[in-house]
Structure formats: structure tokens, C-alpha cells
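Participant: just a sequence and a predicted model for now, questions to come.
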Amino acid sequence: MLLRSLFLLALAALPLSSAGPSCAHHALHTRRHRTLGRLNVTAHEQHLEARGLKVVKSCAVPGSAAITMDDGPLYGGPAATLIQQLGGHASFFVNGNLNGSCIYDQADLLRQYYDAGHLIAAHTWSHTDITTMTPAQLNAELDLLETALQKILGIKPKYFRPPYGAFDEASLGILEARGYTVVLWDFDSGDWNPTVEPEQSFALSTTLNYPQPALMIFHENREETATEVLPHVAPMLVSEGYKLKTVAECLRASPYQSVGKPSARDATWTCEGTPGTVWSPYPPIPPATPTYPFGRTRLRSFVLTRSHDPLEAPSRPPSAPPPHHSPHLHSPSTPHTPLSMVLGRLMHYTFDIALVTTVLAGVKRHTGFQVNTSTIPEGPFRQTADVVLGTGERLFDFASAMSYTSSLFERETPKPK
């Protein structure tokens, strides 16, 4: 069954990629590409797998959705409770000393996660790029976090996510020798972007088809993710038939390397004297350079519902004429949800071509309307379409869609003088 509710995950942001910092003693490494929706396997990941160094990028159980949250424990309590109430579990990749939050000071919250059946996994002590560490530094960070988790919960974690998705052969070798399974993701919520406001995390993603599994990344240091975004996303996943599973459950694997008894709090439960980081996950993204005459405007939250539910008509200034009907952008099978209405609503909020690409792909899945992307010019937006739609898949007539939406945008938004 297709995922017909276009649920709210990916950002209205242009695709970003970073090769990560160079490392003199490890020429080959990768920094996970951060882009909306589904992610592709990089050539370097394929190279590492060929050498027997594997990383997990997807779930193995059909119909499973693994919601993972990085950079805690901090604000994830409401999301953890909600997911438990929905009959599922999440995975928390935690740090020890990040942004002034010490894991020992969050021991009660960590126990709440663990006692509810959520998975606790490792994300380094200080959220430092492991490709910049010496072997001794990486081992020291792992020791600090393992010690804290043993004291608080009595566990030794089995799953590790490298900060920024950055890793190299040397770091993977160390992690493998210590019994870790390295976990990335195949679906990026985009909430890592520090410039994105909560409603922007409600933008549309249309790249999931039930029962195709999904391994999703969110960030617990964004309070809005736990209190606003996931309360929308998690119930939608369940309503579509997905089972909310931990990474271990969705891989059909054990959750921890070992489980024992926690210890009593004492004077050693402190982060003083340990590495710590205060950071924004990525530097602020400058305003987009217009790649279409109107550039980008601020995105507000909007939702496309199931195909049998009529869409709310877009609001317009009183003086604006109603959007005209565009026959080539209309699905006759669902006359109450014409694409003109969808595009009219979209153009009130953004003129980000990448987001338009995503939404039009979703409209195709939402209404069954068949269109064609062969007219997208080569360049970053063609690459975006390939990521969103699947390389080589042609779903909509980009030129016609942009011509129509630009005329609508011109009519409803006065041009600057």
C-alpha cells in the first residue's frame, strides 16, 4: 500500500553535501550527505563494504520504521512517551558532554527511555568528528560514554552513530574491534539545520512507500522535534501500517553488547574535566541565491491529507483572483484535489524548487497523476529530483509545473519595485 498521507518530515532546504574535514593520516573518509528524504549509498561506503567494513543504512524488517534521535539525552521525553503509547519503541543515540548538558545530570531521563523499552546507543562523548581523532582519542571517548552508560543503566551499547555521519577505515576498524555496529540512516528529517524553524520541519516528504522500511534520523537537542514534529510524524506512520521499532528490532539483532546492574550515584558521576563541545550542528545556511526569478520565501506548515479528504483551499489576499484551472496539472480521478489547488497553496509559502519537486512527486503519489521530469535542466535541482524520486524515474513535467506556479505566484505576490 502506498504511503498516501504525505507526512511531515523533510526540510524546505536545498540539498547540502560536505566532504568533511581532511585527515592527513586517513585519506579516505566520508561525511554523510545531508539532504532531504531518502539517501543514496556513497561510493566510499561501497568501497568500505568491499573491504569488509560495513555500516548499517537501512532496516531489514518490512513495514518497520526506526525513529532515531541523536544528541541527547535532553528533550526527548515527550516523544519517547508518545511512541511508547503508540505501541512502539525508538532509539536514542546519546552523547556524554554536549552543549553544557552532562549525561549524568540526565540520568533520570535516560532511565525513562531505557525502562520504556527504547534503545540506548552511542554517539561519542563530545560529538566530535571521529575522522579528526587519533585512535587514542576515539578510544578515550568511547570509554567515557561506556562507563557512564554502565553506571546509569548497567549496559554496554552495541550501536554507534558517528557524528555528522563521518567515518573512515581507521575509525570503523576501532569500532568493529570494540563490538559496535555502525548505524547511519536512509531518511533524514532535516532537523539538524540550526536555522530551520519548527514549522519548516513540517514540510512534505513523499519518499516512503509502505511496507518499505525506513531508518530515520531526528535530533533530540531540538525541543520542537520532540514536542511538535514527532507528534505529527509518529501517529501518521502508525496509521499507514508501520511498526515503530528500535534499530535492533528492525535489524532482527540483539540490543546491547551486555546488560548488567547499574551502580549507585557517587562523586564520579560528573563530566568535569572531560571533553565537551558547544556547537551548532552546521554553520548557519546563508539565504538562498535565487535560482528562479522569485528566490525563496518563508515556508509555513501545510498538510496534504488522504486522497479522499478535500484539501483546504489556499488563503489569498482579498484582491487576488482565484487560481485558474490548469488542465495539464489536474488529476481527473480526484476532482476535489486538483493540482492547481495544491500548487496554489504551496506558492503562498515557498518558491524553493527543491521543495516544489518534492511536493509534485507527492502529488503524483497522492492522486495517481502521471507526469514527467525529463525537462528538468541538468544541475542541482535535477540531482534533487533524482534523490527524491529515484534516479531515472520521471514523474512530472517540471517546465510546465514551474511555468504555471510562477504565473500564480506573480499574480498573488506583488513583485518588488
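Facilitator: Now that the structure is in, tell me what you want to look at.
Participant: buried residues in the helix ranked longest in the chain?
Facilitator: Ranked by residue count and defined by DSSP state H, the top helix of the chain is helix 135-153. Judged by neighbour count using 16 or more other CB atoms under 10 Å, the buried positions of helix 135-153 are L138, E141, L142, L144, L145, E146, A148, L149, Q150, K151, I152, L153. For every residue, glycine as well, the C-beta is placed using N, CA and C.
Participant: got it, and stretch 184-195?
Facilitator: For stretch 184-195, the buried set under the neighbour-count rule, 16+ other CB under 10 Å, comprises L184, W185, D186, F187, D188, S189, G190, D191, W192, N193.
Participant: low pLDDT regions in the chain?
Facilitator: Judged against pLDDT under 70, the low-scoring parts of the chain cover residues 1-53, 193-208, 279-417.
Participant: ok, S258 to K54 distance?
Facilitator: Using CB to CB, to the nearest Å, one obtains 22 Å as the distance from S258 to K54.
Participant: so T181 touches F160, yeah?
Facilitator: Yes: taking CB atoms under 8 Å as the contact criterion, T181 and F160 are neighbours in contact, 7.1 Å apart.
Participant: more crowded one of the two?
Facilitator: Taking other CB atoms under 10 Å, T181 and F160 do not tie; F160 has more neighbours (25 against 20).
Participant: distance of the more buried one from M69?
Facilitator: Applying CB to CB, the value for F160 to M69 is 15 Å.
Participant: S239 too?
Facilitator: The span separating S239 from M69 equals 21 Å under the rule CB to CB.
Participant: between those two, which one's more packed in?
Facilitator: Neighbours were tallied for S239 and for M69 using other CB under 10 Å; the higher tally belongs to M69 (33 against 12).
Participant: sticking with that one, tell me its helix or strand.
Facilitator: M69 belongs to strand 64-72 when assigned by DSSP states H and E.
Participant: partners of that strand, with directions?
Facilitator: Pairing partners of strand 64-72, with direction, according to DSSP bridges: strand 91-94 (parallel), strand 214-219 (parallel), strand 243-244 (parallel).
Participant: what's the most buried one of the ones you listed?
Facilitator: strand 91-94 (a mean of 27; mean count of other CB atoms under 10 Å).
Participant: what lies in contact with it?
Facilitator: Counting contacts by CB atoms under 8 Å, 6 or more residues apart in numbering, the residues outside strand 91-94 that touch it are 66-73, 76, 80, 103, 110, 113, 118-123, 145, 149, 159-161, 183, 220, 246-248.
Participant: now the end-to-end length of stretch 241-259.
Facilitator: When the termini of stretch 241-259 are compared using CA to CA, to the nearest Å, they are 32 Å apart.
Participant: in it, which residues are buried?
Facilitator: Of the residues in stretch 241-259, those scored as buried under the neighbour-count criterion (16+ other CB under 10 Å) are Y242, K243, L244, K245, T246, V247, A248, E249, C250, L251, P255, Y256.
Participant: my guess is the last one meets Q150, correct?
Facilitator: No: under the criterion of CB under 8 Å, Y256 lies out of contact with Q150, with a separation of 10.6 Å.
Participant: thinking again about what came up before, distance to H127 for the buried residues of helix 135-153 - can I get that in CSV?
Facilitator: Putting these into CSV (distance: CB to CB, whole Å) gives the following:
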residue, distance to H127
L138, 13
E141, 10
L142, 13
L144, 12
L145, 11
E146, 16
A148, 14
L149, 16
Q150, 20
K151, 20
I152, 18
L153, 20
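Participant: out of those, which one sits closest to Q84?
Facilitator: L153 (17.0 Å; CB to CB).
Participant: measure the closest one to P262 for me?
Facilitator: Taking CB to CB as the measure, L153 and P262 are separated by 5 Å.
Participant: spatially nearest residue to M216 (excluding sequence neighbours)?
Facilitator: F187 (4.5 Å; CB to CB, 6 or more residues apart in numbering).
Participant: next one: V259
Facilitator: Counting by CB to CB, 6+ apart, I155 is the residue found nearest to V259 once chain neighbours are left out, at 5.4 Å.
Participant: and that neighbour, how far from D70?
Facilitator: When CB to CB is the yardstick, I155 and D70 sit 18 Å from each other.
Participant: more neighbours, these two?
Facilitator: D70 (25 against 20).
Participant: isn't that one up against I217?
Facilitator: Yes: D70 lies in contact with I217 (CB under 8 Å); the separation is 6.5 Å.
Participant: next, count neighbours for the residue nearest to A226 when sequence neighbours are not counted.
Facilitator: Counting by CB to CB, 6+ apart, the nearest residue to A226 once its immediate chain neighbours are dropped is A79, at 4.1 Å. Neighbour count for A79, taken as other CB under 10 Å: 26.
Participant: how close does A79 get to P162?
Facilitator: From A79 across to P162, the span is 23 Å (CB to CB).
Participant: what do you get for A116?
Facilitator: Using CB to CB, A116 is found at 26 Å from P162.
Participant: those two: who's more crowded?
Facilitator: For A116 versus P162, the count of surrounding residues by other CB under 10 Å is larger for P162: 29 against 14.
Participant: secondary structure class for the residue nearest to T227 when sequence neighbours are not counted?
Facilitator: Nearest-residue entry for T227: P78, 5.2 Å, with adjacent residues in sequence omitted and distances by CB to CB, 6+ apart. The three-state assignment at P78 reads helix, by DSSP: H, G, I helix; E, B strand; the rest coil.
Participant: isn't P78 right next to P231, touching?
Facilitator: Yes: at 7.4 Å, P78 counts as touching P231 under the criterion of CB under 8 Å.
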